[in-house]
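Asks: The following comprises the amino acid sequence and a computationally predicted model.
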Amino acid sequence: MEYKLEQDKLAAVERDKERAEKIRREEELIKLRQAENSALEQELEKILPLVREANMIAAEFNRDIRFNSQLTSAMPDFGDIKAEKRIFEIKVDNREVGYFYVWNPDKFTDRVEMMRELFNEYVESAGEMPDFSN
């Protein structure tokens, strides 16, 4: 009888260790998600004003192009859903040619700079429309 009680105690201790380890892993996952969410919020704060600016420039040039930010999930190799990473991308819906493109934030930021330069040239030339052939 004493042997069985000792075995039960050991089993209970082992279950408690497993439970504590599981809780620790879940807490780590929560901390990682919180850090990822914070980084996404910061990136969104930088991207949204640029999206608005790009849409206003496109409208000023009478271009039928829309820019939208979107949150996508990048699944790592082997499909580990817990390691899924969420990223912002910019969808460029070019309705003039019937295509859409998906740009990463760096590429979009570079393109917004190019759009600003064209817009500044447009304003300085007293409304002479730039050449969009290329």
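Replies: Arrived safely, thanks for sending.

Asks: Pass me the low-pLDDT residue ranges in the chain, would you?
Replies: 74-84, 127, 131-134 (pLDDT under 70).

Asks: 90 instead?
Replies: Along the chain, the model assigns pLDDT under 90 to residues 1-10, 29, 32-33, 36-37, 39-40, 43-44, 71-88, 118, 120-134.

Asks: So which residues of it form strands?
Replies: Per DSSP state E, the chain carries strands over the ranges 65-74, 85-94, 99-103.

Asks: Nearest to residue 43 among these would be which one?
Replies: strand 85-94 (5.5 Å; C-beta to C-beta). (Glycine included, C-beta is placed from N, CA and C.)

Asks: Each with direction, which strands does the closest one pair with?
Replies: strand 65-74 (antiparallel), strand 99-103 (antiparallel) (DSSP bridges).

Asks: can you pull the buried residues of that strand?
Replies: For strand 85-94, a neighbour-count test (16 or more other C-beta atoms under 10 Å) marks 88, 89, 90, 91, 92 as buried.

Asks: coming back round to it: of all the strands of the chain, which one is nearest residue 129?
Replies: Across the strands of the chain, closest to residue 129 is strand 65-74 (C-beta to C-beta), at 14.9 Å.

Asks: Go through the strands of the chain and name the closest to residue 128.
Replies: Of all the strands of the chain, strand 65-74 comes closest under C-beta to C-beta, at 20.1 Å.

Asks: Would you map the helices across the protein?
Replies: 2-60, 105-124 (DSSP state H).

Asks: Tabulate the ones you listed (JSON lines), appending distance to residue 98.
Replies: Listed next are those as JSON lines, based on distance: least, C-beta to C-beta, whole Å:
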{"stretch": "helix 2-60", "distance to residue 98": "16"}
{"stretch": "helix 105-124", "distance to residue 98": "19"}
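
Asks: Can you say which of those helices is packed in most?
Replies: helix 105-124 (a mean of 14; mean count of other C-beta atoms under 10 Å).

Asks: Pull that one out as PDB, backbone CA atoms only.
Replies: C-alpha atoms of helix 105-124 as PDB (Å, rounded to 0.1, in the frame of the first residue of the first chain):
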ATOM      1  CA  PRO A 105       6.600  48.000 -47.300                       C
ATOM      2  CA  ASP A 106      10.200  48.800 -48.400                       C
ATOM      3  CA  LYS A 107       9.300  48.700 -52.100                       C
ATOM      4  CA  PHE A 108       6.200  50.700 -51.500                       C
ATOM      5  CA  THR A 109       8.100  53.400 -49.500                       C
ATOM      6  CA  ASP A 110      10.500  53.700 -52.400                       C
ATOM      7  CA  ARG A 111       7.700  54.000 -54.900                       C
ATOM      8  CA  VAL A 112       6.000  56.700 -52.800                       C
ATOM      9  CA  GLU A 113       9.200  58.600 -53.000                       C
ATOM     10  CA  MET A 114       9.200  58.400 -56.800                       C
ATOM     11  CA  MET A 115       5.500  59.500 -56.800                       C
ATOM     12  CA  ARG A 116       6.400  62.500 -54.700                       C
ATOM     13  CA  GLU A 117       9.100  63.500 -57.100                       C
ATOM     14  CA  LEU A 118       6.800  63.300 -60.000                       C
ATOM     15  CA  PHE A 119       4.100  65.200 -58.100                       C
ATOM     16  CA  ASN A 120       6.600  67.900 -57.200                       C
ATOM     17  CA  GLU A 121       7.700  68.200 -60.900                       C
ATOM     18  CA  TYR A 122       4.000  68.400 -61.800                       C
ATOM     19  CA  VAL A 123       3.300  71.200 -59.400                       C
ATOM     20  CA  GLU A 124       6.500  73.100 -60.400                       C
END
